[in-house]
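In: fold the following and give me the result.
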Amino acid sequence: FLSHLHPRLQHGREPTIHLEQEGLNAGLAGVQKVSDKLEKVKGVMVQNIEHILERGEKLELLVDKTDQLQSQAFQFQKTSQQLQRAMWLKKVKIYAAITFVVILLSYVLSVVICGFTYEKCGNDGDKKGK
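Out: Here you go, the predicted model:
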């Protein structure tokens, strides 16, 4: 009876062991799936961090270029103001020279017409009264 019962007990335990192994395999497969998903998430996070670092580098370059452009704009403004002053001064000098030449030509013309002492251009009425 025991020998007959004993194989049945063993036979009855085989499905339980088999089910336990299947459960263990299924659990390992689930762990593997979770591990795979974690690796994918890790890869995505690494890519995101790389993109953030690249963006930070680009922002730093942009800030540097902005500072450089601001400096160049300030220098351009300063240079243009100096040039504007120089051109104004040149214009004033030209107007002064033209004015001087006109006055000089007027004087020379008056000397040629009236004489050096302006005796030819004097008032005739003044001479008659004397």
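In: name the helix or strand for Tyr95, please.
Out: Secondary structure from DSSP states H and E places Tyr95 in helix 2-114.
In: quick check: mean pLDDT across that helix?
Out: Helix 2-114 shows a mean pLDDT of 86.
In: what's it packed up against?
Out: In terms of contacts (3 or more Cβ pairs under 8 Å, 6 or more residues apart in numbering; DSSP states H and E), helix 2-114 is not packed against any helix or strand. The way it works is simple: take the backbone N, C-alpha and C, and place the C-beta from them, glycine included.
In: how far off centre is that helix?
Out: In terms of Cα atoms, centre = their mean, to the nearest Å, the centre of helix 2-114 is found 10 Å from the chain centre.
In: before we move on, what about stretch 106-124?
Out: Centre-to-centre, stretch 106-124 and its host chain are 71 Å apart (Cα atoms, centre = their mean).
In: mind starting the numbering at 28 from now?
Out: Let's use 28 as the start, then, which means that last one is stretch 133-151.
In: extract the CA atoms of that stretch and return them as PDB.
Out: Taking Å, rounded to 0.1, in the frame of the first residue of the first chain, the C-alpha atoms of stretch 133-151 are listed here in PDB:
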ATOM      1  CA  SER A 133      35.500 141.200 -51.200                       C
ATOM      2  CA  TYR A 134      38.400 143.200 -49.600                       C
ATOM      3  CA  VAL A 135      40.700 142.700 -52.600                       C
ATOM      4  CA  LEU A 136      37.900 143.700 -55.000                       C
ATOM      5  CA  SER A 137      37.100 146.800 -53.000                       C
ATOM      6  CA  VAL A 138      40.800 147.700 -52.900                       C
ATOM      7  CA  VAL A 139      41.000 147.300 -56.700                       C
ATOM      8  CA  ILE A 140      37.800 149.300 -57.300                       C
ATOM      9  CA  CYS A 141      38.300 152.000 -54.700                       C
ATOM     10  CA  GLY A 142      42.000 152.100 -54.200                       C
ATOM     11  CA  PHE A 143      44.000 151.100 -51.100                       C
ATOM     12  CA  THR A 144      43.000 154.200 -49.100                       C
ATOM     13  CA  TYR A 145      39.400 154.100 -50.600                       C
ATOM     14  CA  GLU A 146      39.800 157.600 -52.000                       C
ATOM     15  CA  LYS A 147      38.000 156.700 -55.200                       C
ATOM     16  CA  CYS A 148      35.000 155.400 -53.400                       C
ATOM     17  CA  GLY A 149      34.600 158.300 -51.000                       C
ATOM     18  CA  ASN A 150      31.400 160.400 -50.800                       C
ATOM     19  CA  ASP A 151      31.500 163.100 -53.400                       C
END
